[in-house]
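> need the 3D shape of this:
(chains A, B, C and D)
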Protein chains: 2
Amino acid sequence: MHVKGSLDGAGAVQSTPSAALQARDELTCQVRDILNRVGDKWSLSVVNELGHGSRRFNELKRAVPGISQRMLTVTLRVLERDGLVSRSVYPEVPPRVEYTLTPLGSTLLERVWGLIDWVLEHHDDIDEARGRHDAGRAPASGP
Amino acid sequence: MHVKGSLDGAGAVQSTPSAALQARDELTCQVRDILNRVGDKWSLSVVNELGHGSRRFNELKRAVPGISQRMLTVTLRVLERDGLVSRSVYPEVPPRVEYTLTPLGSTLLERVWGLIDWVLEHHDDIDEARGRHDAGRAPASGP
DNA sequence: CAGTATCCAAGGCGATACTG
DNA sequence: CAGTATCGCCTTGGATACTG
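Numbering: from 1, shown residues only, chains lettered A, B, ... in the order given. Next comes the predicted model:
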């Protein structure tokens, strides 16, 4: 079910214009909120890795090259807070902690794949556009 | 066409493992790059507004409450560089500049709507999860 | 009208060191 | 193993002033 115009309140309730505007702003914030969650430097890599099954802390650290211990912790805490990832502690020694994608997290990952498909289909176009722009707007047919 | 495992190189070429890892990292970067583009503070609002037709600079500024002149300029320049938005200058006085979503930008907006739908469907779940987390992990049935 | 230039504050993130 | 704590750089973005 698509709700194409919803971001600016088209098709929304017919109360005062300011109420419609406020609803738009709220929705915009929610959407941007989620986009930032999934668009920040590490969440996507972590969620994607967890998309293949449960992982321990250091497994994730190895699977996501370049991530710092601090950022892995922070990223996992945020994902856990939002209910996208669950954390299970097994009180053994040495301690074992497993992170797992929740059903909610899986549904989000599904949607993100839609964007991944788009990137695969169009990142050539973007590269080309950037090249043209950076080269001083030379048209495609130019010298 | 979905390519679910592609972010970590599953189903990719069977060269050296390091080559597969490198390809994974590259794809991850590209995807995160696009997600950041669309997930930053203002791009989504601007793109969505342009989804309804061409707009002039100050029309956009009014249509996106709270955006500063600087950030509108920066956002539009980045979107233009990526070929998602086109800029047309009409050398009149007073000067007139129109911004329009390109076909490429429209296809991206389509995919973003997929995420918007997800947000509409699940932001209650996220709010609930946050509430539980912030309240000290009280279970759903507990007092 | 449609920008550009400059300054400044807040937050993101990496590096490093320490702990149960 | 699985973190927490602290420091400090760098980027992001708002406010303000100036321009063609």
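> identify the residues contacting the spatially most central residue of chain A.
Central residue of chain A (C-alpha atoms, centre = their mean): A:Val38, 1.7 Å from the mean position. A:Val38 is in contact with A:44, A:47, A:108, A:112, B:35, B:39, counting by C-beta atoms under 8 Å, 6 or more residues apart in numbering or on different chains. All C-beta atoms are positioned from the backbone trio N, CA, C, and that covers glycine.
> please report the distance of the second one from chain B.
Okay, so that is A:Val47. Distance check for A:Val47 against chain B: by C-beta to the nearest C-beta, to the nearest Å, it reads 9 Å.
> likewise the third one?
Here the distance between A:Leu108 and chain B works out to 6 Å (C-beta to the nearest C-beta).
> name all residues that make contact with that residue.
Residues in contact with A:Leu108, defined by C-beta under 8 Å, 6+ apart, are A:34, A:38, A:47, A:84, B:118, B:122.
> before we move on, which element is it in?
A:Leu108 belongs to helix A:103-134 when assigned by DSSP states H and E.
> which element is the residue nearest to the centre of chain A on?
helix A:17-39.
> okay, buried residues for that helix please.
Judged by neighbour count using 16 or more other C-beta atoms under 10 Å in any protein chain shown, the buried positions of helix A:17-39 are A:20, A:23-25, A:27-28, A:30-32, A:34-39.
> so for the helix holding A:Leu108, mean pLDDT?
For helix A:103-134, the mean per-residue pLDDT is 90.
> let me know the closest of the contacts of A:Val38 to DNA strand D.
B:Gly39 (9.0 Å; C-beta to the nearest atom of the strand).
> quick one on the thing from earlier: what's the most distant pair in the contacts of A:Val38?
The distance between the two most remote of the contacts of A:Val38 (C-beta to C-beta) is 14.1 Å, for A:Val47 and B:Gly39.
> next structured bit after the lowest-mean-pLDDT helix or strand in chain A?
In chain A, no helix or strand scores lower on mean pLDDT, DSSP states H and E than helix A:17-39, which sits at a mean of 80. Next helix or strand after helix A:17-39 toward the C-terminus (DSSP H and E): helix A:43-50.
> now for the helix or strand following that following helix, which elements pack on it?
From helix A:43-50 onward toward the C-terminus, using DSSP H and E, the following helix or strand is strand A:55-56. Judged by 3 or more C-beta pairs under 8 Å, 6 or more residues apart in numbering or on different chains; DSSP states H and E, the packing partners of strand A:55-56 are strand A:96-101.
> and the strand it packs on, how far out from the chain's middle?
Remark: strand A:96-101 is offset 20 Å from the chain centroid, using C-alpha atoms, centre = their mean, to the nearest Å.
> which other helices and strands contact it?
helix A:43-50, strand A:55-56, helix A:57-63, strand A:85-90.
> state the distance from the residue nearest to A:Trp42 when sequence neighbours are not counted to chain B.
Distance criterion C-beta to C-beta, 6 or more residues apart in numbering or on different chains; nearest residue to A:Trp42, sequence neighbours excluded, is A:Thr75 at 4.7 Å. Noted for A:Thr75: a distance of 13 Å to chain B, by C-beta to the nearest C-beta.
> does A:Thr75 belong to a helix, a strand or coil?
Under DSSP: H, G, I helix; E, B strand; the rest coil, A:Thr75 falls in the helix class.
> please consider this matter closed, and thank you.
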